[in-house]
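[1] fold the following.
(2 chains)
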There are 2 protein chains.
Amino acid sequence: RFVSSSSSSSSFSTNFSYRQYLVSDLSNINLIDRSVSLHGWLQYRRMNSFGVLRDHSGLIQFILPSSMKEERQIFKQTPVESCIYINGILKKRPEKDINTNMLLGHLEIHVTDFKVINACLPVLPLDVSKYHESDESTRLMYRYLDFRRDIMQERIRFRSAFIAKVREFLLKHSFIDIETPSLFRRTPGGAREFIVPTHLQNGGLFYALTQSPQQFKQLLMIGGFDRYFQIAKCFRDETGRPDRQPEFTQIDLELSFVSRENIFSLIEQLLVACWPDKIEKIPFPRLTFAECMSRYGTDKPDTRFDLEIEHNLEQLSITSPISLNDIKCIIDDNDIQYDNNNRKFLLNKTDNEEECLIKMGRLRLKLADILEKQYKIELRKRRQWNFLWITDFPLFTPMTDDRTKLESTHHPFTAPIDQHLSLLSSKKDWSRIIGQHYDLVLNGFEVAGGSIRIYDSFIQRFILHDILNLPIEHLEHLLKALEYGAPPHGGIALGLDRLLALVLETEHIRDVIAFPKTSNGKDLMAQAPSQVEQSELDYYFLQINKKKYH
Amino acid sequence: RFVSSSSSSSSFSTNFSYRQYLVSDLSNINLIDRSVSLHGWLQYRRMNSFGVLRDHSGLIQFILPSSMKEERQIFKQTPVESCIYINGILKKRPEKDINTNMLLGHLEIHVTDFKVINACLPVLPLDVSKYHESDESTRLMYRYLDFRRDIMQERIRFRSAFIAKVREFLLKHSFIDIETPSLFRRTPGGAREFIVPTHLQNGGLFYALTQSPQQFKQLLMIGGFDRYFQIAKCFRDETGRPDRQPEFTQIDLELSFVSRENIFSLIEQLLVACWPDKIEKIPFPRLTFAECMSRYGTDKPDTRFDLEIEHNLEQLSITSPISLNDIKCIIDDNDIQYDNNNRKFLLNKTDNEEECLIKMGRLRLKLADILEKQYKIELRKRRQWNFLWITDFPLFTPMTDDRTKLESTHHPFTAPIDQHLSLLSSKKDWSRIIGQHYDLVLNGFEVAGGSIRIYDSFIQRFILHDILNLPIEHLEHLLKALEYGAPPHGGIALGLDRLLALVLETEHIRDVIAFPKTSNGKDLMAQAPSQVEQSELDYYFLQINKKKYH
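    So this is what the prediction gives:
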């Protein structure tokens, strides 16, 4: 039944297949001078006799002997990237012919049987070799060919292995893998959620695609599951925001009877267990939100370099380590001055301190880019991993369009710190309340966020209704659930796509997702989204009204 | 940092928590006469002094000594299912007081500290103990309380462990775990797909929620991934069909360079590795579709009992093993007669042989039910697992409403058997073509289905366009992909929910899904689907037209 059990190979990779070997199996010294067969793709062909077969495990050279006249005729017309079969004797190449650019460059197969399984079109829309990367839209349009490139094989295989390690760690620590629904109802106060029409009750009823399993994981804690995790698909209608996807993946988890310290420790050990490089600083450094803003002008600082914001009496400043010739491309704000003698960028403080800090934070990043690119000063080492916890965010933030109203800084289920519970009783203190939210930052990117949750129904209702003025009828089930002996609980969600993009050093998260959409939500390969037939719309009691939205 | 590392417990379950022990940790003999603390729920209370604490690992009795006057007052008013904390000395109970109904009935805690963490409402809408099961709609409405029942904890935890084993097996055999999109475009010729409106291009463009990762897994094979799997969320708008869910989970996999035999062997070994009981018959028995229909009158026979259909010259019959008194409740068809002398049910054959067989197949199941329930004849043993492969289905089936037209028996990507490829050239032979589809049946339920796929672009186009008359513009990307050296490939998808319902012997698949919907697609807990605000619809350029659909 198993090809490999009748051969000398012990590879699990060709079990359950009529394939005999993968290329990587051929490094087994016992196979030399023996007959081997392979299925793969024609990577390269020279004339009518010499070729290179590729599978995901490697490359192997092969030669059609002059006796195989008919096969040579066929071979000569076989386009690269055709799916082929070869059988032959595995030979060591003569010393002088060893191809040192190939892992198995000292081997070749003297072919005794050759078949074209499925011919490829003679012209390829993108280059499958590693020497040239096509533009991204071509790669997305022909994703199946893009996958044949080594780098894409590596990325997608790394993703699978990384997730496997995450699962292994969490299962070992008694987490339960629980799937939660994607079709649910709208959660007020969050990101825009896709809606899904239903045929029920003659129309007008919609599911919302869940933007995160937040409510479900809290309900699971109330149900006594203690430790939940899920590699969770999440949906948000954020079309147009750069490097976002309408669907994305989170490592989502929640525990009962935990403190912030517990969660920090858990995530640190999880990442140490799964990260391909050694992580130097354990536990991860921490900054409060206030200190972080004050020093870096952002809540997700890249701490691989300093260039911190200096606070003077009436000014903020950042000092460049060297004198700069061209400062125009750094300063995007007329209020910022450059003092050439002291190599300082200066900004006069205004009433809106946060705005000033954010300006300086942006300048700090630009300065770093220029120093690296134009002045060749290495600030950020490759494969240096600066993880950083940000804590002590304000629980509420004034709304942008009406600063007398408050919204949740993160989400309305985050608990205040115990010492600030009493501040809930007085409206004027609300904006001072510190929440038990935490973000994990890596090299300037937010890679995780979580909080200790509210488990008291009264407080949750008060915050939702009295402070945030949200329509609580959407959340009655959660408020009710908290009344049945809900345990204290907390959790976190790691942005898997972003984490992988960082560890694999890709430019976009699209490069670590098998079938991503463009930044405006399009699938270029299949042309989704697309129009649907009128009968579809009728079934859902819908019609399109192009003029409606302004 | 770890509570447990400072104690004698080696449990991974209380790492990353301020909890000291789970109840199950207390079976450790070294803890007797030592101080222990626990967090859990009050399962039972007697008077002001005796209680039982529950967590998911077990139950433990505790006693508040008479010295704790204040705590006894509080305890007396604590409703069951409140979340509580106790600290005390773990003691062996006197021989006479041992509760033999509890695993740790020989132990009790003499409490030194007691706290109510979060009180429960005094009246519970459903019974959390194991003695009484509430009606299903109450259980769904208060799912978080339903979860506290032992049986639900077991089911959801079993599901997690089962999936972990499936993953372990597949990863070991070089399968890559790849997430594929849920937001895609419509696949013609399948189940009804939910549509998701987008804001793009002033309305009118929709995603479809993928009914299965079929196209993606084929594209991954074309991309050279060789072995893919995914525990895949799938969506179908099948509201109203009993024991179906609008979203459900498949163990989905695909391999390149495989035969049907390879897939059978893979799935047999996968199930042996993951199944909690020993599976007796390996390899699984097989039946062709034709033989299966002829003997059982269905393509998913329960082979735990015989009662096979007998074929006589002009009649079909089934023989009852015993004489029956009441045959009315078995026969639902006037054409079926009962011959009391020979204990035979008889049906005269008609031109529509399949219809006759299906009638007899239905009768066979009813007869089995009656024999078991009314005559106490055991036909189906508990935990007997009759797996069965069904093969050799016709590739095409006449459409119900126009029998001159053909549709795919399963889906349009299934390959014909090699010997029948030539029949494609003549229209009159199309209905005779046997496809390389296979179903896996367990105890009368279809638990998996798959096929060897078409990898030739020309044949695929011919079948889609010329035979099935499907709108191929929806599938141009797949047809194009097949032209670039697609490898031969095949796969299968196992219905995880159904598989778990069978192995856990639950009545519905809803019992093995954490947050299921009712058979008409409603979430009773959160009341989804629900109405959305007009502004939501406007954003998607939609309006509701109640009169449109008839």
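[2] quick check, stretch A:151-161 touching chain B?
    Yes. Using Cβ under 8 Å from any Cβ of the partner chain, stretch A:151-161 reaches chain B at A:152-153, A:156-157, A:159-160. (Each C-beta comes from the backbone N, C-alpha and C, glycine too.)
[3] buried set for that stretch?
    For stretch A:151-161, a neighbour-count test (16 or more other Cβ atoms under 10 Å in any protein chain shown) marks A:152-153, A:155-157, A:159-160 as buried.
[4] got the contact list for the nearest residue to residue A:336 once chain neighbours are set aside?
    Ranked by Cβ to Cβ, 6 or more residues apart in numbering or on different chains and with sequence neighbours excluded, the top spatial neighbour of residue A:336 is residue A:347, at 5.0 Å. Contact analysis of residue A:347 by Cβ atoms under 8 Å, 6 or more residues apart in numbering or on different chains lists A:315-317, A:333, A:335-337, A:356, A:359-360.
[5] got phi/psi on residue A:347?
    The phi/psi pair for residue A:347 (degrees, to the nearest 10) reads phi -140, psi 130.
[6] in helices only, show me the contacts of residue A:347.
    A:356, A:359-360 (DSSP state H).
[7] pLDDT, distance to residue B:368 and neighbour count added to those, as JSON lines?
    Below are those laid out as JSON lines (pLDDT from 0 to 100; distance: Cβ to Cβ, whole Å; neighbours: other Cβ atoms under 10 Å in any protein chain shown):
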{"residue": "A:356", "pLDDT": "94", "distance to residue B:368": "80", "neighbour count": "21"}
{"residue": "A:359", "pLDDT": "94", "distance to residue B:368": "78", "neighbour count": "21"}
{"residue": "A:360", "pLDDT": "95", "distance to residue B:368": "79", "neighbour count": "26"}
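[8] I figured residue A:381 hits residue A:302, correct?
    No. If you go by Cβ atoms under 8 Å, residue A:381 and residue A:302 don't touch, sitting 11.9 Å apart.
[9] how about residue A:230: what's its closest non-neighbour residue?
    For residue A:230, ignoring the flanking residues on the chain, the nearest one in space by Cβ to Cβ, 6+ apart is residue A:252 at 4.9 Å.
[10] burial of the one you found, as a residue count?
    Residue A:252: 25 surrounding residues under other Cβ atoms under 10 Å in any protein chain shown.
[11] ok, it to residue B:242 distance?
    Using Cβ to Cβ, to the nearest Å, residue A:252 is found at 32 Å from residue B:242.
[12] same check on residue A:330?
    66 Å.
[13] the two: which is more packed in?
    Legend: neighbour count by other Cβ under 10 Å for residue A:330 and residue B:242, higher for residue A:330 (22 against 7).
[14] ok so that one is a strand residue?
    No. Read with DSSP: H, G, I helix; E, B strand; the rest coil, residue A:330 is coil and lies in no strand.
[15] quick check, pLDDT for it.
    Residue A:330 is assigned 81 on the pLDDT scale.
[16] contacting residues around it?
    Residue A:330 is in contact with A:324, A:345, A:363, A:366-367, A:370, counting by Cβ under 8 Å, 6+ apart.
[17] now list the buried members of these.
    Among the contacts of residue A:330, those buried by neighbour count (16+ other Cβ under 10 Å) are A:324, A:345, A:363, A:367, A:370.
[18] number of residues surrounding the spatially closest residue to the second one that is not a sequence neighbour?
    Spatially, and ignoring its direct neighbours in sequence, residue A:345 is nearest to residue A:318 (4.8 Å; Cβ to Cβ, 6+ apart). The burial count assigned to residue A:318 is 22, neighbours taken as other Cβ under 10 Å.
[19] ok, residue A:318 to chain B distance?
    37 Å (Cβ to the nearest Cβ, to the nearest Å).
[20] can you name the residues bridging to residue A:337?
    With DSSP bridges applied, residue A:337 shows beta-bridge pairing to residue A:346.
[21] what's the pLDDT at it?
    If you check residue A:337, the pLDDT there is 91.
[22] does the residue nearest to residue A:230 sit in a helix, a strand or a coil?
    Following three-state DSSP, residue A:252 is assigned to strand.
[23] return the residues in contact with it.
    A:212-213, A:217, A:229-232, A:491, A:493-494.
[24] strands - which of those land there?
    Per DSSP state E, strands hold the following members of the contacts of residue A:252: A:229-232, A:491, A:493-494.
[25] what's the most distant pair in those residues?
    For the ones in strands among the contacts of residue A:252, the farthest-apart pair by Cβ to Cβ is A:231 and A:491; their separation is 14.3 Å.
[26] more neighbours, those two?
    Neighbour tally, residue A:231 and residue A:491, criterion other Cβ under 10 Å: the higher count belongs to residue A:491, 25 against 19.
[27] I'd like to know the beta-bridge partner residues of that one.
    Bridge pairing for residue A:491 - DSSP bridges - gives residue A:254, residue A:451.
[28] show the model's pLDDT score for it.
    98.
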